[in-house]
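Chemist: Below: sequence and its predicted model.
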Amino acid sequence: MQGWLEKEVADLQLRAKNIRRLIIQMLAKAGSGHPGGSLSATDLVTCLYFGHLPSGEPIFRHDPKNPYWPERDRFHMSKGHCCPLWYAILAECGYFSKEELWSLRKLGSILQGHPDRRTPGVDVASGSLGQGLSVALGMSLAGKIDKKNYRVYVLLGDGEIQEGNIWEAAMASSHYRCDNLTAIVDYNRYQIDGRVDEIMNLEPLVEKWRAFGWYVIEIDGHNIPQILEAYKTVREIKEKPQLILAHTVKGKGVSFMENVVDFHGRAPTKEEEIRALKELE
Amino acid sequence: MELLYQRDIYGKTLVELGKENPNIVVLDADLSGSTRTCFFAKEFPNRFFNFGVAEQNMMATAAGLSSCGKLVFVSTFAMFATGRAWDQIRNTICYNNFNVKIVASHAGITVGPDGSSHQALEDIVLMRAIPNMNIIVPCDGPQTAEAVRVAAEIEGPFYIRLGRAKVPTVENKPKFVFGKGQLLKEGEDVTVIACGLMVYESLQAAKSLVDRNIQVRVINMATLRPLDEELIIDSAKKTKGIVVCEEHSVIGGLASAVDELVSEKLPIKVVRVGIRNRFGQSGEPEELLKEYNLTKEDIEKAVLEILK
């Protein structure tokens, strides 16, 4: 692992903490939603949107003032229920005002309960699990046809990859040698009904993706230098799509939410919000 | 009488469109020989993707391509397009209002010997229930070309339903206008509204009924969504009842669309000629049309029932 600038790492850690605070506040205000998976993927998506390569170039090329810039990199949140994370990041980027975050899940809001194109910065809606890798594949193929340089990133949940559609897309992505496509699995080991290995075991997961023709990188999904290193490595892989298998902790950052399955799909109460924000100071 | 495969016309039209518009991308799921997207694949290999036997992936990938500005045509058999991949069509194509054109072949009972698993009799209802979806069921070969061109021109998701077997060309049709029914024959006794190959049968029935001094108004309702409400209400006013004919279940298809409209706006007797709560089976197309009461004689009977 090469030396990532301490300042870059510290900056991303601070950003991630602020994003986690926003997630807690949004969900508490909304009164429903999915904190567990939003918190487990926070470091991964924060590093994507705000991280830099050693050259100083941003990892993710986009322009919040011009959301439909044709050359932009694409991000798709296939595990759509974790959209509070995405919304907080988009607001931090300046796609829309932070005030909008308090309208999450309310009638008429641009911030729907699952990702939706009415939100600036969201290209494709999601929510029905298992389809996002195909969506990303389509974005990747469009880039290949047009000989564009953009990259496509898609965030998958671990429970989500029990869907057959994911494996159809995995097969097709390597068949068409989509090296501009990176999938990130937020492997937090819990799904709504309980532990993933008890509900429907995914292992051996690295071997499965490799067998489907993917270049696999296994990381600690809360270790910022490891995340940055993975985003740097995937750009150098040719002829193969890449999978970042990120080991994460469900509810990461809030002690009483960590590895508690109840917080997969329950918003914090007012009292829990106060406790959580205290931990995230 | 000219007999044409709608899918041949589709395949040829796609190639023409491909030459005119470099933005068109075509997807298939291991049925490109049958759906005739193979013509496009041969001409434009860089803009054709075969996804193998994986319809769900194909539909959601079409959405991703469309999100990057591509005009995407997706083909497979009607059963697998609308049945297997319904969630992908609903949540990822139609909810986003993407520019994806699903052109499905092998719809209806006339698929023939392959039998029930391959005979889509519920595809129209599955597509008709989804907001944003436009639906065209062309009545013959030439109209297939018109439908495909219209779909390429108009932004948004389309479902175009084609058959497997050759169908007779309906002569002397007025110009096809998307969203408008075609009045093929005037008549003041009963209106027959049909789509697909039942249009030809309806005209034959109307001809026979002239001998019995019954004047039938015949409409080709090639566009099922948006529905030509004006023409249907006009028919409800001018004739004593409506017979609706389709090679589809009587539940949820064109007959239901007509029923829903007239029962709200101008209640009138509607008799449905379609498949009644049954699965298909193996047989030759002609035999199956007879077995499932989809012939000219069945349409005549339905007209008489209205006049009873």
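Modeler: Sure thing, it's come through.
Chemist: So which residues of the stretch 151-300 of chain B form strands?
Modeler: B:158-161, B:166-168, B:182-185, B:190-194, B:216-220, B:223-225, B:242-249, B:270-275 (DSSP state E, counting those that start in this stretch).
Chemist: Mark out where each domain of chain B begins and ends.
Modeler: Per automatic domain parsing, the structural domains of chain B span B:3-168, B:182-307.
Chemist: what's the average pLDDT for stretch A:25-45?
Modeler: Here stretch A:25-45 scores 98 as its mean pLDDT.
Chemist: now the residue in the stretch 201-308 of chain B that chain A sits nearest to: how far from B:Gly108?
Modeler: Going by C-beta to the nearest C-beta, chain A is nearest to B:Arg225 of the stretch 201-308 of chain B, at 21.0 Å. C-beta: built from backbone N, CA, C; applies to glycine. Separation of B:Arg225 from B:Gly108 (C-beta to C-beta, to the nearest Å): 18 Å.
Chemist: These two: which has the busier surroundings?
Modeler: Comparing B:Arg225 with B:Gly108 by other C-beta atoms under 10 Å in any protein chain shown, the one with more neighbours is B:Gly108, at 31 against 18.
Chemist: burial count for the nearest residue to the more buried one once chain neighbours are set aside?
Modeler: In this structure, B:Gly108 finds its nearest non-sequential neighbour in B:Glu247, 3.6 Å apart by C-beta to C-beta, 6 or more residues apart in numbering or on different chains. The number of residues packed near B:Glu247 is 31, by other C-beta under 10 Å.
Chemist: OK, contacts around B:Glu247?
Modeler: Residues near B:Glu247 by C-beta atoms under 8 Å, 6 or more residues apart in numbering or on different chains: B:107-110, B:121, B:163, B:196-198, B:274-275, B:289, B:294.
Chemist: Looking at it now. What's its pLDDT?
Modeler: For B:Glu247, the pLDDT comes out at 98.
Chemist: any idea how far B:Lys207 is from it?
Modeler: Note on B:Glu247: its distance to B:Lys207, by C-beta to C-beta, is 20 Å.
Chemist: next one: B:Asp228
Modeler: Taking C-beta to C-beta, one finds B:Asp228 at 24 Å from B:Lys207.
Chemist: between these two, who's got more neighbours?
Modeler: Shown here are B:Asp228 and B:Lys207; by other C-beta under 10 Å, B:Asp228 has more neighbours (22 against 13).
Chemist: Hmm, the more buried one is touching B:Gln182, no?
Modeler: No: judged on C-beta atoms under 8 Å, B:Asp228 makes no contact with B:Gln182 at a distance of 9.1 Å.
Chemist: Residue in chain B with the shortest distance to chain A?
Modeler: Of all residues in chain B, B:Gly64 sits closest to chain A, at 2.1 Å by C-beta to the nearest C-beta.
Chemist: helix, strand or coil for that residue?
Modeler: Put simply, B:Gly64 is helix when judged by DSSP: H, G, I helix; E, B strand; the rest coil.
Chemist: State the number of residues packed around it.
Modeler: By other C-beta under 10 Å, the residues close to B:Gly64 number 31.
Chemist: now the one 5 residues further on
Modeler: By the measure other C-beta under 10 Å, the count of residues near B:Gly69 is 12.
Chemist: what does the stretch 151-281 of chain A have sitting close to chain B?
Modeler: Within the stretch 151-281 of chain A, the positions lying close to chain B (C-beta under 8 Å from any C-beta of the partner chain) are A:Gly164, A:Asn165, A:Glu168, A:Ala169, A:Met171, A:Ala172, A:Tyr176.
Chemist: Please give me every residue in contact with the first one.
Modeler: So the one you mean is A:Gly164. A:Gly130, B:Gln56.
Chemist: where in the stretch 1-150 of chain A is pLDDT low?
Modeler: Where the stretch 1-150 of chain A drops to pLDDT under 70, the residues are A:1-2.
Chemist: which SSE is the closest residue to chain B within the stretch 51-200 of chain A in?
Modeler: The minimum distance from the stretch 51-200 of chain A to chain B, using C-beta to the nearest C-beta, falls at A:Gly138 (2.1 Å). Using DSSP states H and E, A:Gly138 maps to helix A:132-145.
Chemist: How far away from the center of its chain is whatever helix or strand comes next after that helix?
Modeler: Beyond helix A:132-145 in the direction of the C-terminus, DSSP H and E gives the next helix or strand as strand A:152-157. Its chain's C-alpha centre and that of strand A:152-157 lie 6 Å apart, by C-alpha atoms, centre = their mean, to the nearest Å.
Chemist: the helices in the stretch 51-200 of chain A, which residues?
Modeler: Counting by DSSP state H, counting those that start in this stretch, the stretch 51-200 of chain A has helices at residues A:83-93, A:132-145, A:164-175, A:196-199.
Chemist: hey, which of those is tucked in deepest?
Modeler: Most buried of these by mean neighbour count (mean count of other C-beta atoms under 10 Å in any protein chain shown) is helix A:132-145; its value is a mean of 28.
Chemist: For it, name the packing helices and strands.
Modeler: With contacts taken as 3 or more C-beta pairs under 8 Å, 6 or more residues apart in numbering or on different chains; DSSP states H and E, helix A:132-145 sits against strand A:74-77, strand A:152-157, helix A:164-175, strand A:181-187, strand B:24-28, helix B:55-67.
Chemist: swap the cut-off to 10 Å and go again
Modeler: Here helix A:132-145 touches strand A:74-77, strand A:152-157, helix A:164-175, strand A:181-187, strand B:24-28, strand B:48-50, helix B:55-67, going by 3 or more C-beta pairs under 10 Å, 6 or more residues apart in numbering or on different chains; DSSP states H and E.
Chemist: which one of these is the most hemmed in?
Modeler: helix B:55-67 (a mean of 30).
Chemist: any idea which helix or strand comes after that helix?
Modeler: That would be, after helix B:55-67 and using DSSP H and E, strand B:71-75.
Chemist: Wondering if that next one reaches chain A at all.
Modeler: Yes: legend: contact between strand B:71-75 and chain A by C-beta under 10 Å from any C-beta of the partner chain is shown at B:Val72.
Chemist: mind listing what residue 135 touches?
Modeler: Answering for chain A, as no chain was given. By C-beta atoms under 10 Å, 6 or more residues apart in numbering or on different chains, A:Val135 lies in contact with A:74, A:76, A:78, A:123-126, A:152, A:154, A:169, B:60-67, B:88, B:92, B:96.
Chemist: nope, chain B please
Modeler: Contacts here follow C-beta under 10 Å, 6+ apart; on that basis B:Ile135 touches B:102, B:123-124, B:127-128, B:147, B:157-161, B:195, B:222-227, B:253-254, B:257.
Chemist: Same question for it, what's its three-state structure.
Modeler: strand.
Chemist: One more: A:Met26?
Modeler: Under three-state DSSP, A:Met26 falls in the helix class.
Chemist: what about it, how many neighbours?
Modeler: Around A:Met26 there are 26 other residues, counting by other C-beta under 10 Å.
Chemist: shouldn't it be in contact with A:Trp102?
Modeler: Yes: counting by C-beta atoms under 10 Å, A:Met26 does reach A:Trp102; the two are 7.0 Å apart.
Chemist: who touches both of the two?
Modeler: The contact sets of A:Met26 and A:Trp102 overlap at A:Leu111 (C-beta under 10 Å, 6+ apart).
Chemist: and residue 147, how many neighbours does it have?
Modeler: Just so you know, I chose chain A. Other residues lying near A:Lys147 total 6 when counted by other C-beta under 10 Å.
Chemist: Chain B was what I was after
Modeler: Residues near B:Ala147, counting by other C-beta under 10 Å, number 29.
Chemist: Next one: it from A:Arg72, what distance?
Modeler: Taken as C-beta to C-beta, the span from B:Ala147 to A:Arg72 is 35 Å.
Chemist: Quote the end-to-end distance of stretch A:167-183.
Modeler: Its start and end residues considered, stretch A:167-183 measures 12 Å (C-alpha to C-alpha, to the nearest Å).
Chemist: Could you list everything the closest residue to B:Pro174 other than its chain neighbours pairs with in the sheet?
Modeler: Closest residue to B:Pro174 apart from its sequence neighbours, by C-beta to C-beta, 6+ apart: B:Gln182 at 5.3 Å. B:Gln182 forms beta bridges with B:Asn220, as assigned by DSSP bridges.
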